[in-house]
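*Asks:* Output the structure for:
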Amino acid sequence: MIMGFSLISTGCYILSQSGTYLSDRMQARPVEKVLADEAVSEETREFLNTVGDIISFAVNDLGLQESKNYTKYTELDREHLAYIVYASDELAFNQYMWDYPFLGKLPYQGYFSLESARKTEGKLQEEGYDTFVSIVDGFSSLGFFTDPLYSFMKEYSLYRLANLIIHEQTHATIWVKKDVAFNERLASFVGDTGAKLYIEKRFGKSSPEYEEIFSREADRERFLSKMGELRGELETVYTDTSLTEEAKREKKGDVITLFQEDLRSRYDEEFKTDAYRSIPDMTLNNAYIGLYHVYYGDDTVFKDLLSHFGNDLGRFITALKPLDRTKDDPYKVIGSITEGPF
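*Replies:* Predicted coordinates:
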């Protein structure tokens, strides 16, 4: 998630939002000082050592950029970092985009205050947009700031922690300007693949920890497939010129309701984990459904490139590092790589 710079760079909320952002950083302590503090709990000590091991793996094994990210630690009195507002047209999958200096257009706006996030959401709803507010637990500021670790991350599973760090380090290593969908899909792919490799290295392929990953992956692929089908059904409704807007809204509601009812009734026979059990009780709309297209759109191009390099994620990342400076279409660049020699 790219959020840090967007929180304090633009708009009328700069004063109310930047104070919290900078305050969090002022509280951050260098990891080495935290580890040297005899009063620090064993839980925190183990967490920081694990993060150091993940970062070492990301840099030395995967070739991600070494930086000062995650070299400081902050104790927070909250269980997440901030709130993100997403929006989309009501009868089309056209995401609302916010324009940021240096970063270009991004499909989200970040806030530390839920009240501020809800205020923005309310304004967008008044304008007729579908909206969704989510919490976020990590981000990359792309080198504008040093990104710290937060105390709530101690509750994460090892796979989730490794995925988060590798995802954000991917953003810090490769960022294609004005193509947020590509950046998020790439970081999600590298985060997922890299975290699996980290668990394999630490525990081995025959370990319960490694086996659990496949249950999670299978569930995610199954759910993404269902979301793709839902999106397709809704697009058929939205593009049906024989329907009035009111009829489209009614059919939209019917399609989403049927999707949720089917998911609820078949959940235990189709899924192995509880990752998506709450979906039938959520308010689903275009803003929420569209997120899956941003973060988990068709990743075949990344799978093909990884296969091209013999499933060596390090070589995969090295090959894509020049994208951080290119203005070309990143997918065309990848195409030229896969068409070349192994």
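
*Asks:* Compute the number of surrounding residues for residue 147.
*Replies:* 26 (other C-beta atoms under 10 Å). Glycine gets a C-beta too; all of them are placed from N, C-alpha and C.

*Asks:* how about low-confidence regions in this structure?
*Replies:* Along the chain, segments meeting pLDDT under 70 span 1-26, 102-103, 138-145, 297-298, 340-342.

*Asks:* For residue 106, see how far away residue 307 is.
*Replies:* 31 Å (C-beta to C-beta, to the nearest Å).

*Asks:* hmm, I was thinking of residue 264
*Replies:* Applying C-beta to C-beta to residue 264 and residue 106 gives a distance of 33 Å.

*Asks:* my read: residue 267 touches residue 273, true?
*Replies:* No. Here residue 267 lies out of contact with residue 273, judged by C-beta atoms under 8 Å, at a distance of 10.4 Å.

*Asks:* Burial check on the nearest residue in space to residue 92 that is not next to it in sequence, number of neighbours?
*Replies:* Distance criterion C-beta to C-beta, 6 or more residues apart in numbering; nearest residue to residue 92, sequence neighbours excluded, is residue 238 at 5.3 Å. Neighbour count for residue 238, taken as other C-beta under 10 Å: 19.

*Asks:* Pretty sure residue 238 sits against residue 88.
*Replies:* No. The pair residue 238 / residue 88 is not scored as a contact, 11.1 Å apart, by C-beta under 8 Å.

*Asks:* which residue lies farthest from the center of this protein?
*Replies:* residue 242 (37.3 Å; C-alpha atoms, centre = their mean).

*Asks:* Now do the same for residue 83: helix, strand or coil?
*Replies:* strand (DSSP: H, G, I helix; E, B strand; the rest coil).

*Asks:* In contact with it, which residues?
*Replies:* By C-beta atoms under 8 Å, 6 or more residues apart in numbering, the contact set of residue 83 is 110-114, 116-117, 133-136.

*Asks:* Now with 10 Å, please.
*Replies:* When contacts are counted by C-beta atoms under 10 Å, 6 or more residues apart in numbering, residue 83 touches 109-118, 120-121, 133-136.

*Asks:* Check residue 129 too.
*Replies:* By C-beta under 10 Å, 6+ apart, the contact set of residue 129 is 86-90, 94-96, 121, 123, 285-287.

*Asks:* Most neighbours of all those, which one?
*Replies:* Counting by other C-beta under 10 Å, top hit in these: residue 87 with 29 neighbours.

*Asks:* Can you name the helix or strand that it falls in?
*Replies:* strand 82-88 (DSSP states H and E).

*Asks:* helices and strands around the helix or strand following that strand, which ones?
*Replies:* As assigned by DSSP H and E, the chain's next helix or strand after strand 82-88 is strand 98-100. Packing partners of strand 98-100 (3 or more C-beta pairs under 10 Å, 6 or more residues apart in numbering; DSSP states H and E): helix 4-9, strand 104-106, strand 109-111.

*Asks:* Next, please give the residue ranges for the strands of the stretch 1-150 of the chain.
*Replies:* Remark: strands assigned in the stretch 1-150 of the chain by DSSP state E, counting those that start in this stretch are 29-30, 72-74, 82-88, 98-100, 104-106, 109-111, 130-136, 149-150.

*Asks:* Okay, now the sheet partners of the last one, with direction.
*Replies:* When pairs are called by DSSP bridges, strand 149-150 turns out to pair with strand 72-74 (parallel).

*Asks:* One more: the first one?
*Replies:* Strands flanking strand 29-30 in the sheet, each with its direction: strand 72-74 (antiparallel) (DSSP bridges).

*Asks:* Tell me the gap between the partner strand and the middle of its chain.
*Replies:* Per C-alpha atoms, centre = their mean, to the nearest Å, the displacement of strand 72-74 from the mean C-alpha position of its chain is 21 Å.

*Asks:* Also stretch 31-39?
*Replies:* The chain centre lies 30 Å from the centre of stretch 31-39; the measure is C-alpha atoms, centre = their mean.

*Asks:* Would you mark the buried spots in it?
*Replies:* Buried residues in stretch 31-39, counted by 16 or more other C-beta atoms under 10 Å: 31, 34.

*Asks:* Kindly report the same for stretch 113-127.
*Replies:* So for stretch 113-127, counting by 16+ other C-beta under 10 Å, buried means 116-117, 120-121, 124.

*Asks:* Mind listing residues that contact that stretch?
*Replies:* In contact with stretch 113-127 (C-beta under 10 Å, 6+ apart) are residues 11, 13, 16-17, 20, 82-88, 90, 96, 98, 109-111, 129-135, 287.

*Asks:* CA atoms of it as CSV?
*Replies:* In CSV, the C-alpha atoms belonging to stretch 113-127 read as follows (Å, rounded to 0.1, in the frame of the first residue of the first chain):
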residue,chain,number,x,y,z
SER,A,113,-8.9,9.7,11.9
LEU,A,114,-12.0,7.6,11.2
GLU,A,115,-14.1,10.7,11.5
SER,A,116,-12.2,12.4,8.7
ALA,A,117,-12.4,9.3,6.6
ARG,A,118,-16.2,9.1,7.1
LYS,A,119,-16.5,12.7,6.3
THR,A,120,-14.9,12.2,2.9
GLU,A,121,-16.9,9.1,2.4
GLY,A,122,-20.1,11.0,3.1
LYS,A,123,-19.3,13.7,0.5
LEU,A,124,-18.5,11.1,-2.1
GLN,A,125,-21.8,9.3,-1.4
GLU,A,126,-23.7,12.5,-1.8
GLU,A,127,-22.1,12.8,-5.2
